[in-house]
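>>> here is a sequence with its predicted model. Questions after.
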Amino acid sequence: MKILRFALASAILCSLVPLAVLAQVNPASFSGKKQKRIVIRNATVVDGSGKPAAGPYDIVVESGLIAQIVPIDPVASKAGEGRRPAQGDLEIDASGKYVLPGLINVHAHTQDERGGNSQAVEYNMKMWLACGITTVRDVLSTKKTLAWREQSAANAIASPRIFAYGVFTASPNPTTPDEARARVRELKAAGYDGIKLFGVDRDIMQAMEDEAHKLGMRIAHHVGVEETNAWDDIKFGTTSIEHWYGIPDAAIESGRQNFPAGYNYANEVDRFRYAGHLWREANWDRLMKVLDGMVDANVAWNPTLDIYEASRDLQRAQTNPAFADYLHPVLEEYFRPNPANHGSYFIGWTSTDEAFWKENYRIWMRALLEFERRGGTIGVGDDAGFIYQMYGFGLIREMELQQEAGFQPLMIVKHATVNNAKIMGQENSLGRVRVGYKADLIVVNGNPLENLKVLYPTGIEEIRDGKVVKTGGIEWTIKEGIPFHVPTISAEIRDMVRKERQAKP
Ligand SMILES: [Zn+2]
């Protein structure tokens, strides 16, 4: 009863706020320019911790930090709280809108080329900002990524904040434990924030992880089908398992998947085809022991469901309507089936392959749900730039797939904010709408708890008064007090794509 009265009163209050006073003259003129003080008014807040939405609040951003969150609901107002904050350099009216922490992409690849053809990094960065991403963990970082990280921090480029994880197996590939330790020290000295690991034997992995722990470096492990599996991650202290291989592998009774005799791991059609048979071979009871082991050892799981989706429904992946305006022609070319491009393996893909993959997803999704129920940390990353996933759009698709797995949107937002911050060791400054945290915020035109699709730059359609109305999309992506006006950024991306297509020979 109390709740009902509250809801009614707050609805009345919202409708009384004079919109004209709060209206922006020209939001585009603020885009990308750091503001000393921003006030977001009348926001309904999803804070990222898993707590339910609440509001309205006025949020004050000062010098890049969340300075104040003022409740202006009727109960707070009656109690003498809720005094409206003084005007900001930028005023954002969030009436009827939701404010969330900026999304974090914990499996990102910053790309300025695809398949040897150059693609402006500006496209990649703006796609992320348009999809509400304020921080990325780049897990294939190079010296270029380190430079972008610095440029982003100085606001010299429009970009999310970057954490750069360097690749352990870059050439020369360490072949002894001593070389493994030296390589870790080299990555640390070069300024990388963490390490991306894949494709090594057990002794190398052990030495590498030991050295990384000594230097305080975190480890993202793309496990692959190797000598090692998730038990090694548990034993050696991997921070996060990327994708999923290695987890069902650790639960197969015979110790190895039952591959056909002619199977060749280096052939991507083989590799991805039989990956679709992997989850069914895991013994469920053993799998639960693996998951418990990961929970006890604090190994997080970043599943990247989105990046395998084409394997279960190729046509869906190839005909994404958002491609019409947002797919860069260089990326489009890279997506075409071609044995020379990683992930472009769809040659002779069959309905049988898709049926196996659909079953694969069903088991995988159940395992993910179980992992969280047992106390595990699940992250959100998109791995975009491969297999029909566009930067940022892939992250929102990942969130949709986590909903399909059975997670409720409040928890999915938590995965993409609080959990991702935790995976990077940034949980005390990133990933929450909370006073003292970095002002990474998104203002969403709609309720993502009802429909995650409102997050896409393409927006959604609704029927209002019998008419189809175009709505949704993120209005503002704010990174540490720098407001990016998403309709402006999205128009810039569409323009870039259009021009690139025209220039294409
Ligand atoms: Zn990746």
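Ah, there it is. Note that the structure is predicted; figures quoted are calculated from it, not measured.

>>> what ranges do the helices span in the stretch 201-350 of the chain?
202-214, 230-236, 268-275, 284-296, 309-312, 314-318, 323-326, 329-335 (DSSP state H, counting those that start in this stretch).

>>> no no, the stretch 51-200 of the chain
74-78, 121-130, 143-153, 177-189.

>>> for residue 418, find the nearest of those.
Closest approach to residue 418 among those is made by helix 121-130 (19.1 Å; C-beta to C-beta). Just so you know, the C-beta spots here come from the backbone N, C-alpha and C atoms, and that holds for glycine as well.

>>> what are the buried residues along the closest one?
121, 123-130 (16 or more other C-beta atoms under 10 Å).

>>> with stretch 69-89 instead?
Neighbour counts over stretch 69-89 (16+ other C-beta under 10 Å) mark 69-74, 77, 82, 85, 88 as buried.

>>> try stretch 360-374
If you call a residue buried by 16+ other C-beta under 10 Å, then stretch 360-374 has these buried ones: 360-361, 363-365, 367-368, 371-372.

>>> widest-spaced pair of those residues?
Applying C-beta to C-beta across the buried residues of stretch 360-374, the maximum distance is between 360 and 372, 19.3 Å.

>>> chain neighbours aside, what residue packs nearest to the residue positioned nearest the centre of the chain?
Centre of the chain computed as the mean C-alpha position; nearest residue by C-alpha atoms, centre = their mean is residue 105, 2.8 Å away. Nearest residue to residue 105 in three dimensions, chain neighbours excluded: residue 136, at 4.5 Å (C-beta to C-beta, 6 or more residues apart in numbering).

>>> isn't residue 54 right up against residue 72?
No. Residue 54 is beyond contact range of residue 72, at 11.4 Å (criterion: C-beta atoms under 8 Å).

>>> quick one, strands of the stretch 51-200 of the chain?
Using DSSP state E, counting those that start in this stretch, the strands of the stretch 51-200 of the chain run over 54-62, 65-71, 90-93, 98-101, 103-108, 113-114, 117-118, 133-141, 161-167, 194-197.

>>> to residue 32, which of these lies closest?
Of these, nearest to residue 32 by C-beta to C-beta is strand 90-93, at 12.0 Å.

>>> so for the closest one, what's the average pLDDT?
Computed over strand 90-93, the mean pLDDT rounds to 97.

>>> now do the strands in the stretch 401-505 of the chain.
Remark: strands assigned in the stretch 401-505 of the chain by DSSP E, counting those that start in this stretch are 441-444, 460-464, 467-471, 474-479, 482-485.

>>> for residue 29, find the nearest of these.
strand 482-485 (8.8 Å).

>>> check the offset of the closest one from the chain's centre.
Mean-position distance between strand 482-485 and its chain equals 19 Å (C-alpha atoms, centre = their mean, to the nearest Å).

>>> output it as PDB, restricted to C-alpha atoms.
Provided in PDB are the C-alpha atoms of strand 482-485 (Å, rounded to 0.1, in the frame of the first residue of the first chain):
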ATOM      1  CA  ILE A 482      33.000  13.900 -20.500                       C
ATOM      2  CA  PRO A 483      29.500  13.800 -22.000                       C
ATOM      3  CA  PHE A 484      29.100  12.200 -25.400                       C
ATOM      4  CA  HIS A 485      25.800  13.000 -27.000                       C
END
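
>>> related to what we said a few turns ago, mean pLDDT for the helices of the stretch 51-200 of the chain - can I get that in CSV?
Shown next, in CSV, are these (pLDDT from 0 to 100):
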stretch, mean pLDDT
helix 74-78, 80
helix 121-130, 98
helix 143-153, 98
helix 177-189, 97
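
>>> can I get the ones you listed in a markdown table with distance to residue 297?
Output for those, formatted as a markdown table (distance: least, C-beta to C-beta, whole Å):
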| stretch | distance to residue 297 |
| --- | --- |
| helix 74-78 | 43 |
| helix 121-130 | 31 |
| helix 143-153 | 28 |
| helix 177-189 | 20 |
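
>>> out of those helices, nearest to residue 497?
The nearest among the helices of the stretch 51-200 of the chain, by C-beta to C-beta, is helix 121-130 at 7.7 Å.

>>> do you know how far residue 289 is from residue 281?
The gap separating residue 289 from residue 281 is 16 Å, by C-beta to C-beta, to the nearest Å.

>>> who's more crowded, the two?
Using other C-beta atoms under 10 Å, the more surrounded residue of residue 289 and residue 281 is residue 281, with 17 against 13.

>>> measure the more buried one to residue 366 for me?
The spacing between residue 281 and residue 366, counted by C-beta to C-beta, is 15 Å.

>>> wait, residue 321 touches residue 459, no?
No. If you go by C-beta under 8 Å, residue 321 and residue 459 don't touch, sitting 11.7 Å apart.

>>> who has more neighbours out of these two?
residue 459 (18 against 8).

>>> coming back round to it: of all the strands of the stretch 51-200 of the chain, which one is nearest residue 503?
Taking these one by one with C-beta to C-beta, strand 117-118 is closest: 12.1 Å.
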